[in-house]
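Asker: Mind looking at a prediction? Sequence and model below.
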There are 4 protein chains.
Amino acid sequence: MSGTTGDKLELILDAAYELFGLDGFYETKISDIAHRAGIAKGTVYLYFKSKEELCLAVTRRDCEYFLEKLQDALQHCRQLADKLHVIAAHHTTYHFERRKYTKLVFRAPNNDPELMEYMRNFIFRYMDIVQQVLIEANVQQPRWCAESYIGMLDRVKMDIMFNPEFTEQELHERTSFVAGLFLEGCTQQINKQDQLAGQRSQEGESE
Amino acid sequence: MSGTTGDKLELILDAAYELFGLDGFYETKISDIAHRAGIAKGTVYLYFKSKEELCLAVTRRDCEYFLEKLQDALQHCRQLADKLHVIAAHHTTYHFERRKYTKLVFRAPNNDPELMEYMRNFIFRYMDIVQQVLIEANVQQPRWCAESYIGMLDRVKMDIMFNPEFTEQELHERTSFVAGLFLEGCTQQINKQDQLAGQRSQEGESE
Amino acid sequence: MSGTTGDKLELILDAAYELFGLDGFYETKISDIAHRAGIAKGTVYLYFKSKEELCLAVTRRDCEYFLEKLQDALQHCRQLADKLHVIAAHHTTYHFERRKYTKLVFRAPNNDPELMEYMRNFIFRYMDIVQQVLIEANVQQPRWCAESYIGMLDRVKMDIMFNPEFTEQELHERTSFVAGLFLEGCTQQINKQDQLAGQRSQEGESE
Amino acid sequence: MSGTTGDKLELILDAAYELFGLDGFYETKISDIAHRAGIAKGTVYLYFKSKEELCLAVTRRDCEYFLEKLQDALQHCRQLADKLHVIAAHHTTYHFERRKYTKLVFRAPNNDPELMEYMRNFIFRYMDIVQQVLIEANVQQPRWCAESYIGMLDRVKMDIMFNPEFTEQELHERTSFVAGLFLEGCTQQINKQDQLAGQRSQEGESE
DNA sequence: GATGAATGAGGGTTCATTCAT
DNA sequence: AATGAATGAACCCTCATTCAT
């Protein structure tokens, strides 16, 4: 009865996500999006002021959903190892499920300041979540470690997106590998730090 | 000397690199490039069949130079630690020096298959070099490790390019951090493997 | 009282007059008019078949009112001088009061035949009124004189509309000047004619 | 050989004058103009930044030519009567020759400030020329008289442009009529002034 | 080889008008 | 009668590419 408005907006976002993802921002015509959404070209402009704004909305919906799902997943585990694995699995699975949308990697309208700013901000928020996990586990240099972890996962993502033969099996192996490798590095650091702390307390006692 | 063909080609590549890097592929007009190169618009087409081909040439020159310099730098060191540091330093410094060309991150003409293929291939070659370093040091899973390392470095690159206040001091610290973190993980793995190998040889002896 | 059909029609006309006058026909959107009238876009089309017809209605109301007021004013005077001054004062005052609606000068939809025809007709009727005044005073060439008078007044109108600093003081001076100048010319002509008539009658008598 | 550039610019101006004049600014498509000029749509934009700028150029050429011709014609006469007639004849003939371009009356893009400013300025310059003629003949209130004269002539112009049956015969009659009527008014004023001056000098003498 | 005037396909956006509710 | 979401034709302008000189 009502809710039609919401429906159409969703239709547009879906169509835009699909086409921006498959063909890229510049290669996608508003008329294509409208056609795929089953509406008229002009209707797009009832919901979005410009192609750029539509792209921003698409990106926002995608990224917010990404972070939301990540937070959800993290709630169910307590151990650092678990959390790191959840993060990795989320990152890789998310992109594996969307692997046909290769052009999303280049979130293009290169010069749209709002989109640039949003993406910058998204990365920060993502990083903050990972960093928090590391802080809770007493990992040293949690910011840089978080960045490194995300970097490792992003490289896997690139493989997923640009290697058409990337299998689900491979997905799991790579995910575990990255999580494992990183955990090892962290554990190492934590150990060292504990040793250090231990030494200090011993030294303190021996005085 | 100055009227040589080669000169003009170089002028065009320089101008295109500058503008593609500053503004992005789609935002840059052939006429802008010609203007900056100090030549006529039509002349560009004496050297390149299309804007895409020019972009490919620009990218190629940039990437080949990147790999070349990396190889050069790697020749001067033997230790794994040294090599990893050289790789990291090269990666981060290269992009720090070109940090104003933020749009190079999106090597855009999204649909040019040749460029896509070239980039895919470039990554492989880059990865192969890193992988070789790891293989020589007996690191397990050298491919995946190589990918992880490059991923970590690529994240630093993103920070460099999109954080305008990124300092040279920070550059060195981050570089050393990443190299160190990765080396630790690798060393760990090598150790484990050596232990394993040691056990096996012992077991073999004891028979 | 307020929900009456007539009310809404008036609201639309008022809003359209305002916006056509301030911004011009082509620059004004139907949605703007609806918004200013406090009604929905579609409602405009319950009262007017098209934007052109609305413009015609606006113009008609404006012009009819102009002529009506002129007729009213003329009823109160008998002397040619008075009548000419009333005409002049009406012309200039009317536009002075509406001087912020500069775009009314270009009653645009250039290609609407109905509007063109109406405007042509309006001018004729206006002219007829002035002409009648002149005929009653025995002015020679009353039609052309009427045209000239209106032309003079229209030039004042242009000054009023496009000179933002045009003051009320100036308005009165210019009005009197134009009326005076024209009256003089007419009187002159009337005199000459009277002389001519006098001569003729004298000649007649003397025969 | 060369001069081709100039040629094309002229072709565009001619085509634009024709179409803007026949159909109006908003009703004329750039593609129509290009077609009529025998060139491609894009070529128009090599010579003019926008449709508005083209309209300004068309107007400018037209108005400058108008003033130029007026100055030329005025050089050949010395008497006030002659000058006034030349002005009138020029005004009416000019528009009679262009009477099919009815839409030029509404020099439309209503909101283009540059065009508005240019037109304002054109009127001033035109008025200045007429005013100068009156000053030289010692006419009182030369500015307002000039305005009135132009107003009278402009009304004739309107008749010319919107009365399709306006004949050349009528043109001459109306022109002479307006010039005569105005001259009479002026002469009158000059006489009065001379009388005044005469009286004053007499009074001076008698003292 | 070098030029730059000319081309014209192409797409984002606007907005008068319609019509289901 | 009133609404306002939806429509889609229309048009300005851009810019990669061509080609005559």
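Answerer: Perfect, thanks for sending it.
Asker: ok, and the helix or strand in chain A with the lowest average confidence?
Answerer: Here the helix or strand of chain A ranked lowest by mean pLDDT, DSSP states H and E is helix A:168-206, holding a mean of 75.
Asker: Pop the domain breakdown of chain A in here.
Answerer: If you go by automatic domain parsing, the domain ranges for chain A are A:1-48, A:59-206.
Asker: how about these in TSV, adding distance to chain B?
Answerer: C-beta here means a position set from N, CA and C on the backbone, and glycine is covered the same way. Listed next are those as TSV, based on distance: least, Cβ to the nearest Cβ, whole Å:
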stretch	distance to chain B
domain A:1-48	3
domain A:59-206	3
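Asker: Include mean neighbour count when you put those domains into a markdown table, please.
Answerer: What follows is the domains of chain A, written out as a markdown table (neighbours: other Cβ atoms under 10 Å in any protein chain shown):
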| stretch | mean neighbour count |
| --- | --- |
| domain A:1-48 | 17 |
| domain A:59-206 | 17 |
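Asker: Can you pull out the low-pLDDT segments for chain A?
Answerer: Within chain A, the stretches with pLDDT under 70 are A:1-6, A:109-110, A:186-207.
Asker: mind checking how far A:R155 is from B:R155?
Answerer: Per Cβ to Cβ, to the nearest Å, A:R155 is found 9 Å from B:R155.
Asker: mind listing what the closest residue to chain C within chain A touches?
Answerer: Chain C sits closest to A:L46 of chain A, with a gap of 12.0 Å, by Cβ to the nearest Cβ. Contacts of A:L46 were listed using Cβ atoms under 8 Å, 6 or more residues apart in numbering or on different chains, and none were found.
Asker: Could you check which helix or strand contains it?
Answerer: Using DSSP states H and E, A:L46 sits in helix A:41-47.
Asker: next helix or strand past that helix?
Answerer: Downstream of helix A:41-47, the next assigned helix or strand under DSSP H and E is helix A:51-74.
Asker: can you tell me if that following helix touches DNA strand F.
Answerer: No: using Cβ under 7 Å from any atom of the strand, helix A:51-74 never reaches DNA strand F; the gap is at least 13.6 Å.
Asker: Return the list of helices and strands in contact with the helix or strand following that helix.
Answerer: For helix A:51-74, the following helix or strand on the C-terminal side (DSSP H and E) is helix A:80-97. For helix A:80-97, the packing partners by 3 or more Cβ pairs under 8 Å, 6 or more residues apart in numbering or on different chains; DSSP states H and E come out as helix A:51-74, helix A:113-136, helix A:142-162, helix A:168-206.
Asker: Dump the C-alpha coordinates for the second one into PDB.
Answerer: Right, helix A:113-136. Provided in PDB are the C-alpha atoms of helix A:113-136 (Å, rounded to 0.1, in the frame of the first residue of the first chain):
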ATOM      1  CA  PRO A 113      35.100  14.800  -2.600                       C
ATOM      2  CA  GLU A 114      32.200  13.400  -0.600                       C
ATOM      3  CA  LEU A 115      32.800   9.900  -1.800                       C
ATOM      4  CA  MET A 116      36.600  10.200  -1.200                       C
ATOM      5  CA  GLU A 117      35.900  11.500   2.300                       C
ATOM      6  CA  TYR A 118      33.400   8.700   3.000                       C
ATOM      7  CA  MET A 119      35.800   6.000   1.900                       C
ATOM      8  CA  ARG A 120      38.600   7.500   4.000                       C
ATOM      9  CA  ASN A 121      36.200   7.500   6.900                       C
ATOM     10  CA  PHE A 122      35.100   4.000   6.300                       C
ATOM     11  CA  ILE A 123      38.600   2.700   6.400                       C
ATOM     12  CA  PHE A 124      39.200   4.500   9.700                       C
ATOM     13  CA  ARG A 125      36.100   2.900  11.200                       C
ATOM     14  CA  TYR A 126      37.100  -0.500   9.900                       C
ATOM     15  CA  MET A 127      40.500  -0.100  11.300                       C
ATOM     16  CA  ASP A 128      39.200   1.100  14.600                       C
ATOM     17  CA  ILE A 129      37.300  -2.100  15.100                       C
ATOM     18  CA  VAL A 130      40.300  -4.300  14.400                       C
ATOM     19  CA  GLN A 131      42.500  -2.100  16.500                       C
ATOM     20  CA  GLN A 132      40.100  -2.400  19.400                       C
ATOM     21  CA  VAL A 133      40.400  -6.200  19.200                       C
ATOM     22  CA  LEU A 134      44.100  -6.000  19.300                       C
ATOM     23  CA  ILE A 135      44.100  -3.500  22.200                       C
ATOM     24  CA  GLU A 136      42.000  -5.800  24.200                       C
END
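Asker: Tell me if that helix is near DNA strand E.
Answerer: No: taking Cβ under 7 Å from any atom of the strand as the criterion, helix A:113-136 and DNA strand E are apart, separated by no less than 13.2 Å.
Asker: hmm, who's touching that helix?
Answerer: Contacts of helix A:113-136 with the rest of the structure, by Cβ under 8 Å, 6+ apart, involve A:52-53, A:55-56, A:59-60, A:63, A:66-67, A:70-71, A:74, A:80, A:83-84, A:87, A:107, A:109, A:142-143, A:145-147, A:149-150, A:186, B:158, B:162.
Asker: and with 7 Å instead?
Answerer: With contacts defined as Cβ atoms under 7 Å, 6 or more residues apart in numbering or on different chains, helix A:113-136 is touched by A:52, A:55-56, A:59-60, A:63, A:67, A:70-71, A:80, A:83, A:87, A:107, A:109, A:142-143, A:145-147, A:149-150, B:162.
Asker: One more: stretch A:94-101?
Answerer: A:G21, A:L22, A:F66, A:L104, A:K157, A:I160, A:M161, A:L171.
Asker: do that again at 8 Å, thanks
Answerer: Stretch A:94-101 is touched from outside by A:17-18, A:20-22, A:66, A:69, A:104, A:157, A:160-161, A:166, A:168, A:171, with contacts defined as Cβ under 8 Å, 6+ apart.
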